[in-house]
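sequence first, predicted model second:
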Amino acid sequence: MADNAQKSSYSEADIKVLEGLEAVRKRPGMYIGSTGPRGLHHLVYEVVDNSIDEAMAGFATRVDIIIHKDNSVTVIDNGRGIPVGKHPEKKISTLEVVLALLHAGGKFGGDGYKVSGGLHGVGVSVVNALSSRLDAEVMREGAIHTMSFSRGKKIKNIEQIGTTKKTGTKITFWPDDEIFETLIFDNDILTPRLRELAFLNRNLKITFTDERAQNDDKTGPFYEEYQYAGGISDFVKYINQEKDVLPGLSKPIYFKVEQDGVGEIEFALQWNSTHYETTYAFANNIHTTEGGTHVEGYRAGVTSIINDYARSHNLFKDKEENMEGMDVRAGLTCVISVKLREPQFEGQTKTKLGNTEIRTLARGAVTKGLAEFLEEHPNPAREILKKALEEMRVRVAVDKYKKTQRRAKETSLPGKLADCTLKDPELTELYIVEGDSAGGSAKQARERSFQAILPLRGKILNIERANLHRSLSSEAINTLITALGTGIGEDFDITKARYHKVIIMTDADVDGAHIRTLLLTFFFRFMPEMIENGYIYIAQPPLYRLSAGRRHQYLYSDEALTKEVAKLSSDVKYTVQRYKGLGEMDPQQLWETTMEPKARTLLQVTVDEAFASEKVVSDLMGDKVEPRKEFIQRHAKDVRFLDI
């Protein structure tokens, strides 16, 4: 990677300054999203992203991340090192400008970086402001310099402490307990993103060390290393490793194009035997979860070239119309990575790419690259077309059947739905409950002005093992789709959602957990926008009712029960009721504990790391038994309560 380093400057004059740090500690959520676990881990990503920018510029080949026993974090790279000389405008060390001033960095004009993921430039300075201490060490131009800060304020001037032939930057920070609700970093949150960055930056070596934990053989701290010579092709193979890939496609289809003045875009594609599409799109290493012009161009190109191939090879039957996008992309896993000088993101969340020129570049790249692959590899091409045509013919058959019933369904809501009287989706909520018994209690307990109840009978279909059209033959799924109002598949429209809170409320037993998992799988696969927009919740009914005399207390965990029982004096008689089903509570109890907005606890369903979630869903809900077995063996020690 260093061999391809751009011949651009990176000096004090390349650091542009926009404003100071004053607001960060006052409103940290504006900069890192929250002061909970998500915001805490965001600190690591901000520092790592600076090192990754050095790799994308062609100067860094390695990034090391270390979590120390005191929950401080060190990030080291072997890039050029942050400039340390006097800044031409601020007349202080440029290192201090970068670390202590908001919107200061080499990404706002100048030649410091041609491509960068951190274009909002708030990264390291925000980490500094939200850390009780931050130490910086820079190796550059033969010298080693250090500088220290506390809560964004300098506590140690820049100082040269030695000489070196190496280059790079080392940042160590301690998150501030005055800001964050927790200071405990979670490996399961950090490692998927680090692995993702290694996939996206071919041959970049990323290491992760956790000094708080031991490795498997107990000989040292936990350590993992990520480096992929295949880049995003290895990414696709990783995603599909537990799936059955179509014959002849063990090696993903890969192509890349560059265009002066626009940027570069690369694709890796591989079809498998499942019935759903899996697409991960990135712009300058940022996961664009809402897609954008690169995804639009890719999808149009794939649909067009697959249809063209089918027509030119006489694979359609008489009078058959072209395949739709959902037909050709069924079972298709694709990773898209675009790198461009000036990305245009819609909104400050950087989740949708808006550069119009990328749409044309992406479509042209896919059209040319996929057409060449199909012509040069007739056997895999035959398998791809066979699958796409089968998907189309199933869809057409189901559509014909459903047209006869559509009118009636469009004019009425499901009979089992007890709807609310308010119609504003921002004010209304839908409880999905398990069975008619719980449904009856919930209907009596609810506040009918804004709470709707939908009972589902039995377990819904596991859609991980079925295509969309087979799923639509399930009465429970059809009922759910109609109640939600969004449509599904290509017709899905998030703006038509009838409720902005969809609450899954199931029993606290094995069957309830299974139904909850099946529902979450359905939303993850067929309505991911409902999760991404924060519309899906899980109700938290109490596990226990502790009664001592006339005093009754609802408790939500084994730990809470143990704690409250311990508070009772030895001569107090008490009883404990374990709730296994919602039907065991009368309507008043259900309202007080689980449905009353001021008293209830809801868990909002989020997908922080999409491809890690994709792998878990695929492993646990897919056809193959072995990944499920391995998951159970790996996590068995974490089970605290098993209801069998």
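It's in.

going forward, measure contacts and count neighbours with C-alpha atoms only.
Fine.

now the residue located most distally from the centre of the chain: how far from residue 562?
Distance from the centre of the chain peaks at residue 571, with 51.8 Å (C-alpha atoms, centre = their mean). Remark: distance between residue 571 and residue 562 (C-alpha to C-alpha, to the nearest Å) = 17 Å.

thinking again about what came up before, can you confirm the residue farthest from the centre of the chain is in a strand?
No: counting by DSSP: H, G, I helix; E, B strand; the rest coil, residue 571 is located in no strand; its state is coil.

endpoints of stretch 177-195, how far apart?
Distance between the two ends of stretch 177-195: 28 Å, counting by C-alpha to C-alpha.

list the contacts of that stretch.
For stretch 177-195, contacts defined as C-alpha atoms under 8 Å, 6 or more residues apart in numbering pick out 25, 28, 35-37, 40-41, 71, 130, 132, 175-176, 206, 208, 226, 609, 611-612.

those residues, buried ones only, as a ChimeraX selection?
Buried members of the contacts of stretch 177-195, identified by 16 or more other C-alpha atoms under 10 Å, are gathered into one ChimeraX selection as follows:
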select :25,28,35,37,40,41,71,130,132,175,176,206,208,226,609,611,612
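
residue 546 is in contact with residue 575, isn't it?
Yes: with contact defined as C-alpha atoms under 8 Å, residue 546 counts as touching residue 575 (6.0 Å).

who has more neighbours out of those two?
Between residue 546 and residue 575, residue 546 has the larger neighbour count (other C-alpha atoms under 10 Å), namely 19 against 12.

alpha carbons of the helix or strand containing that one, as PDB, please.
Counting by DSSP states H and E, the element that carries residue 546 is strand 544-548. Extracted C-alpha coordinates of strand 544-548, given in PDB (Å, rounded to 0.1, in the frame of the first residue of the first chain):
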ATOM      1  CA  TYR A 544     -41.500 -12.100  38.900                       C
ATOM      2  CA  ARG A 545     -44.100 -10.700  41.300                       C
ATOM      3  CA  LEU A 546     -42.800 -10.400  44.800                       C
ATOM      4  CA  SER A 547     -45.500 -10.100  47.400                       C
ATOM      5  CA  ALA A 548     -44.800  -9.300  51.100                       C
END
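
mind listing what's buried in the helix or strand just after it?
Counting by DSSP H and E, the next helix or strand C-terminal to strand 544-548 is strand 551-555. For strand 551-555, a neighbour-count test (16+ other C-alpha under 10 Å) marks 554, 555 as buried.

just the angle between strand 551-555 and strand 544-548, please?
160 degrees (axes from the mean of the first three to the mean of the last three C-alpha atoms, to 10 degrees).

now strand 551-555: mean pLDDT?
Averaging pLDDT along strand 551-555 gives 89.

what strands line up against that strand, and which way round?
Here strand 551-555 is paired, per DSSP bridges, with strand 544-548 (antiparallel).

show residues contacting stretch 484-491.
Counting by C-alpha under 8 Å, 6+ apart, 326, 468, 481, 492-499, 526-527 sit against stretch 484-491.

if you set the cut-off to 6 Å instead, what comes out?
492, 493, 494, 496, 497, 498 (C-alpha atoms under 6 Å, 6 or more residues apart in numbering).

using CSV, write out the CA atom coordinates for it.
What follows is stretch 484-491, C-alpha atoms only, in CSV (Å, rounded to 0.1, in the frame of the first residue of the first chain):
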residue,chain,number,x,y,z
LEU,A,484,-48.2,-2.5,9.0
GLY,A,485,-49.3,-0.9,5.8
THR,A,486,-45.8,-0.6,4.3
GLY,A,487,-46.0,-3.3,1.6
ILE,A,488,-43.0,-5.6,1.1
GLY,A,489,-40.2,-6.3,-1.3
GLU,A,490,-40.0,-3.9,-4.3
ASP,A,491,-43.3,-2.3,-3.1
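
count of neighbours near the closest residue to residue 127 other than its chain neighbours?
Distances taken as C-alpha to C-alpha, 6 or more residues apart in numbering place residue 43 nearest to residue 127, at 5.6 Å, with adjacent residues excluded. Number of residues near residue 43 (other C-alpha under 10 Å) recorded here: 21.

got the buried residues for the helix or strand hosting residue 43?
Taking DSSP H and E as the criterion, residue 43 maps to helix 37-56. Within helix 37-56, the residues scored as buried using 16+ other C-alpha under 10 Å are 37, 39-56.

the stretch 1-150 of the chain: strands as residue ranges?
16-17, 62-67, 73-77, 104-105, 131-140, 143-150 (DSSP state E, counting those that start in this stretch).

which of those sits closest to residue 542?
strand 62-67 (36.1 Å; C-alpha to C-alpha).

against which helices or strands is the closest one packed?
strand 73-77, strand 205-214 (3 or more C-alpha pairs under 6 Å, 6 or more residues apart in numbering; DSSP states H and E).

highest mean neighbour count out of those strands?
strand 73-77 (a mean of 23; mean count of other C-alpha atoms under 10 Å).
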